[in-house]
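> My questions concern the predicted model and sequence given below.
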Amino acid sequence: MNNNTKIIKFHGTEVKNIILQHLVKDNSSQDSKEVINEFNAVNSEQQCETINVQVVAEYVTITFYKKESSNTIIKRELIPTHRVQHIRIEDLE
């Protein structure tokens with residue numbers, strides 16, 4: 001499992017890449033500013049077989065699978081949809 005062999009999916013359909021921009025609070029200063037954070041599936045450092053991104057109800061769910069066929073999940077991230085600024089999906093050619 002390395003970054004070159006990751007399978008990336010959007011709602012279960014394989015795609016080339018997903019880039020998600022969302023707001024996060026920056027607690028490094030006294031003013032609690034919001035900054036834009038970017039998730040790029042291809043460049044994700046998480047070691048996994050598959051990354052699946054889904055928009056469900058009020059959340060964008062990013063699921064990292066160790067082995068998708070056996071539903072072995074490493075972790076999930078939930079991002080509230082009101083924090084999402086932009087989602088770009090690059091389809092397979």
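Noted; the coordinates are in hand.
> helix/strand/coil for the spatially most distant residue from the centre of the chain?
Distance from the C-alpha centroid of the chain peaks at Gln30, with 28.6 Å (CA atoms, centre = their mean). Secondary structure assignment for Gln30 (DSSP: H, G, I helix; E, B strand; the rest coil): coil.
> how about Glu45, phi and psi?
In terms of degrees, to the nearest 10, the main-chain angles of Glu45 are phi -80, psi -10.
> So what's the residue count around it?
Neighbourhood size, Glu45 [other CB atoms under 10 Å]: 5. For every residue, glycine as well, the C-beta is placed using N, CA and C.
> and what of Val56?
10.
> and it, what are its phi and psi?
phi -130, psi 120.
> what about the strands in the protein?
Secondary structure of the chain (DSSP state E): strands located at 7-10, 13-15, 17-26, 33-40, 50-56, 59-67, 72-80, 84-90.
> Any chance of CSV for the ones you listed, columns mean pLDDT?
Formatted as CSV, the strands of the chain follow (pLDDT from 0 to 100):
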stretch, mean pLDDT
strand 7-10, 98
strand 13-15, 97
strand 17-26, 92
strand 33-40, 91
strand 50-56, 97
strand 59-67, 97
strand 72-80, 96
strand 84-90, 96
